[in-house]
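Visitor: Turn this into a structure:
(3 chains)
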Amino acid sequence: MRAALLMLCAIRLQRWLLVIGLGMVLIGLSGGFVILAILGVTLAVIGPLVTSGIVFRMVSAPRPVGLILFGRFKLLLGQLATQLLLAALVTAVITAALARTGGPHPVPTFLAVFGIATLAFFASYSISHRYGGIWWFAACLLVPRLTQHLSSRFLDRPVHEALLTPIGLRVSALAEVLAWVVFGIMYLNARRITLTSWVGPRTADAQPAAHFASARNLGPYTRKDAIRMLLSGNNQGRLRWSLRPMVIVVFCVALPALLPLIATQGRVAAPLVLRVSVICAFAGPAAAVLAIGMMRRVKSLWLVAGLGRLELLGTAERYGWYSVAITTALVWAVTLTMLGAADALPDFIRLGGLLVLPLASGALVLYFNLLLVRGRNLIDTLTVAGVTALLATQIICACVAPRSPFLNGLAAVEIVLVPVLRLAVVRRWEVLDWLVYRPPRLETRRAR
Amino acid sequence: MANTLALRIFTLQPSSGVPIYLQLIQQVRRMVASGQLTPGTELPSVREVATEYTVNPTTISKAYSLLENEGLLQRNRGKPMTIAAGRHGAGSLPQRLKQIESQVDALVLAARQLELKSTDLCQFIAKKMEKNRD
Amino acid sequence: MTESVVTTRGLGKTIGKKTILRNISVDVDAGSVVGIIGKNGAGKTTLLEILLGFSPASNGSAQLFGHDSFTLPAATKGRIGFVPQQDELVSLLTCRQQLALIAALHRHWNHALIERLLAAWEVPMDSLIQTLSGGERQKLSTLLALGHEPELLVLDEPVASLDPISRRQFLSEVIEISADHVRTVLFSSHIISDLERVADQIWIVRNGELAWAGPLDALKEAVVRLNISARRLLPSSLPLGNAISQQISGQRASAVVSHWNEEQLADLRRALDAEIEVEPLSLEDIFLEFHA
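Guide: Predicted coordinates:
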């Protein structure tokens, strides 16, 4: 139980989101604004949903946990309780909201939502350790297609209707229970749960040192190279460095792309434009996630590279922009190809809005991260809540109403916000105090 | 006659309550008094001692300077420090004279009683010291 | 004329409501080896970070090589080497790559020195940093700061994870560095026996203030324990001007005093009509007495 509450309320940010989300739910329910209610509950729930796996792994990684009697078991129960609670919450809201319009029956909705939550949990659990998470994303994308394909062969009706039948419901419930049992057994028996730095691919064990050394030039690095490597914390080529955000994008895409599909029992098909808009909405923030890793390393450049505070800001800014730009370019390539191939290009304004979105939101998240250098205080918390709400709205909007001009409006707001944020960022960095700003160190060392 | 010493002739304890330079000074004094260090013996350089015992060279340098002021050591330009000549024995001239003061008082008293003149006494003493030298 | 390498005047630091440092004024001349000791949380790391410009002082000033710490020019930064308590190594590189990385950022790099030390300190050169043990990481961090032969070397607990042999090797290197009285070393450590060997100045940080900032030799001579055995009953509190602690029972007493000098001995003997033994204290004992 404690774990469940922890997930929901631990971080101050999450508390804000919870309050806002619940507020929206209440308003939505009472006023009959379906969208608002769904938006609200998604807002409240999206945090724990996406990060539950990672946090779970982090919490179970330290050795003492394995030594506490039934420590892991308790954690597992707590996590299960959390997932059930979240699913129940979402189901309750959806049912209540859609009750007026003759909405779906609570039980299958619950199963569906719980299934999604489980998938998300497993996915984020795996991704925090090696690239095993990749297989989960692939599964998330492929399995629905596969089942639809199979069902059209063997059953005489589509899968989602098959699931509605009592047999179908029992099967899916059984599947979910089974999944948790298997996971539980694996988890409890795992000898060591390691949390490895998820900045960069793991090649340590697979390849001998010699190969690694020859792969990268040992010879003298240029100053620019050195700074970049110190900032990014890895030694990869510039292009591969930006591929990680694409991975994050794929991960985030799988989740919400499925949500509307299943929640509305497949009645609303996921159009191409939806997928495109979702990708665009996610790409920006995902690319800027890299900035978080960079911020931790900026301090080491102060003495060694002899850079002043504003110069450090300039360097961090430059690399952040670079990451956002590369990701945006990739997104443009992908989405334009998709749209062009399906011959479904929306009109110019909406297209422009869609394409600008990754750039604008990426820049927003970048400067937003650069802003948070003053430790904890009220203004910062409010800003965090505000920006998160903005981004969440953007994402939800992209999922739910991809064709509306609302997205364009959001993009415009972001474009205006960016220079404003930048001014604040510059002022803060002029007097950056590293005793006040202590970024947490996520990387753990490998113990011998 | 100059002979270089083995490096580890001192026993320095950094964790003692006595500062390292004092330990060094006391040891050199003792060794000179007991004859372990003869005049002209070369002492290892400041840097050598610091490296051998893994201690700060400043404290060694301080010890050497103080010993030089005391007259126990002699600085030779371009060469390592050596024990100053004629310095083995206990301390400076006034100190040494003080040690035999009681015997000299007795001698002077006896000489007075025998009505000896100071010049005769001094010549006698000088002759005795000559004889004692070999 | 020796330029003062580090100068602070009335340095203080307050974060929020907590005052971490108070009124610190010190001077460090070139060629010194300064050992900094203090309880955990006394403010050692804060002091070092302010000196290096990571954080602005709330009051007073801090200067390195004559420049204000907060706005150190790049050229001055090149004269400084810093080994932080938490190392800042890039896990995915090999040791050689990490060294090459840092070498690229400095104009001057002594490759021969680094090669020699890599071999002597037994740091595996071609292993990935994430496979190194804690001690090896520390050694590598230290090497990174030594390569460009800085005039000021600042180390924050550089030997905490090292075995005694490695520690001794490190100390030898510090002595080598400071031997010509041109390069300065500042290092904080909990291993007091190490400091007694190599430091010539000691700073004791207690509750954000400097309880002592001066030569180690003077400290050992100034803080002594007096073991008193009197011929008559002793008063309940001894007539000592600067006693840090005292224990009296009947005719015997033991007191620790600071600012001791030999002239006080005769007076005290007469005043108390007692035999007094002056016992010098090791640095560890002094440190414990300062915090008793």
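
Visitor: can you tell me the average pLDDT over stretch C:252-266?
Guide: pLDDT averaged over stretch C:252-266 equals 85, rounded to a whole number.

Visitor: roughly how far apart are residue A:88 and residue C:258?
Guide: Residue A:88 sits 68 Å away from residue C:258, taking C-beta to C-beta, to the nearest Å as the criterion. The C-beta positions use only the backbone N, C-alpha and C, and glycine is treated the same way.

Visitor: Show me which of those two is the more surrounded one.
Guide: Each of residue A:88 and residue C:258 has its neighbours counted (other C-beta atoms under 10 Å in any protein chain shown); residue C:258 has more, 18 against 14.

Visitor: measure the more buried one to chain B for me?
Guide: Here residue C:258 is placed at a distance of 14 Å from chain B (C-beta to the nearest C-beta, to the nearest Å).

Visitor: quick one: contacts for that residue?
Guide: Contacts for residue C:258 (C-beta atoms under 8 Å, 6 or more residues apart in numbering or on different chains) come out as C:222-223, C:242, C:244.

Visitor: Buried only: go through these for me.
Guide: Buried residues within these, counting neighbours by 16 or more other C-beta atoms under 10 Å in any protein chain shown: C:222-223, C:244.

Visitor: Need those residues in TSV (columns: secondary structure and distance to chain B).
Guide: Shown next, in TSV, are the buried ones among the contacts of residue C:258 (DSSP: H, G, I helix; E, B strand; the rest coil; distance: C-beta to the nearest C-beta, whole Å):
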residue	secondary structure	distance to chain B
C:222	helix	11
C:223	coil	9
C:244	strand	15
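
Visitor: and of these, the nearest to residue A:174?
Guide: Taking C-beta to C-beta as the measure, residue A:174 lies nearest residue C:244 of those, at 74.9 Å.

Visitor: how long is stretch C:76-90 end to end?
Guide: 25 Å (C-alpha to C-alpha, to the nearest Å).

Visitor: And for stretch C:71-78?
Guide: With C-alpha to C-alpha as the measure, stretch C:71-78 spans 14 Å from end to end.

Visitor: That one vs chain A: in contact?
Guide: Yes. Interface with chain A: stretch C:71-78 contributes C:71, C:74-75, C:77-78 (C-beta under 8 Å from any C-beta of the partner chain).

Visitor: Filter those down to just the ones in helices.
Guide: Counting by DSSP state H, those place C:74-75, C:77 in helices.

Visitor: touching chain A at all, the helix or strand residue C:96 falls within?
Guide: Here residue C:96, judged by DSSP states H and E, is contained in helix C:95-105. Yes. Judged by C-beta under 8 Å from any C-beta, helix C:95-105 comes into contact with chain A at C:96-97, C:100-105.

Visitor: Output these in a markdown table, with pLDDT appended to each entry.
Guide: Output for the residues of helix C:95-105 next to chain A, formatted as a markdown table (pLDDT from 0 to 100):
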| residue | pLDDT |
| --- | --- |
| C:96 | 87 |
| C:97 | 84 |
| C:100 | 87 |
| C:101 | 85 |
| C:102 | 89 |
| C:103 | 88 |
| C:104 | 86 |
| C:105 | 87 |
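
Visitor: Now the residues you listed in CSV, please, with extra columns for neighbour count and distance to residue C:20.
Guide: Converted to CSV, those look like this (neighbours: other C-beta atoms under 10 Å in any protein chain shown; distance: C-beta to C-beta, whole Å):
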residue, neighbour count, distance to residue C:20
C:96, 17, 39
C:97, 23, 37
C:100, 20, 37
C:101, 22, 33
C:102, 23, 30
C:103, 19, 35
C:104, 19, 35
C:105, 20, 31
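
Visitor: can you give me the helices for chain B?
Guide: For chain B, applying DSSP H gives helices covering B:20-34, B:46-53, B:57-70, B:93-99, B:101-113, B:118-133.

Visitor: mean pLDDT lowest for which of the ones you listed?
Guide: Of all those, the minimum mean pLDDT falls on helix B:93-99 (a mean of 67).

Visitor: residue contacts, the residue of chain C found nearest chain A?
Guide: Nearest residue of chain C to chain A (C-beta to the nearest C-beta) works out as residue C:74 at 3.6 Å. By C-beta under 8 Å, 6+ apart, residue C:74 lies in contact with A:306-308.

Visitor: can we see that at 6 Å?
Guide: For residue C:74, the contact set (C-beta atoms under 6 Å, 6 or more residues apart in numbering or on different chains) comprises residue A:306.

Visitor: I'd like the distance between it and residue A:307.
Guide: Residue C:74 sits 7 Å away from residue A:307, going by C-beta to C-beta.

Visitor: from the chain's centre, how far out does stretch C:258-272 sit?
Guide: 31 Å (C-alpha atoms, centre = their mean, to the nearest Å).

Visitor: same check, this time on stretch C:162-176
Guide: On C-alpha atoms, centre = their mean, the centre of stretch C:162-176 falls 15 Å from that of its chain.

Visitor: List the buried residues in it.
Guide: C:162, C:166-167, C:169-175.

Visitor: okay, now the domains of the chain?
Guide: I went with chain A, as the question did not name one. Taking automatic domain parsing as the criterion, chain A consists of the domains A:1-198, A:222-440.

Visitor: I was after chain C.
Guide: The record assigns chain C these domain ranges, following automatic domain parsing: C:4-214, C:223-290.
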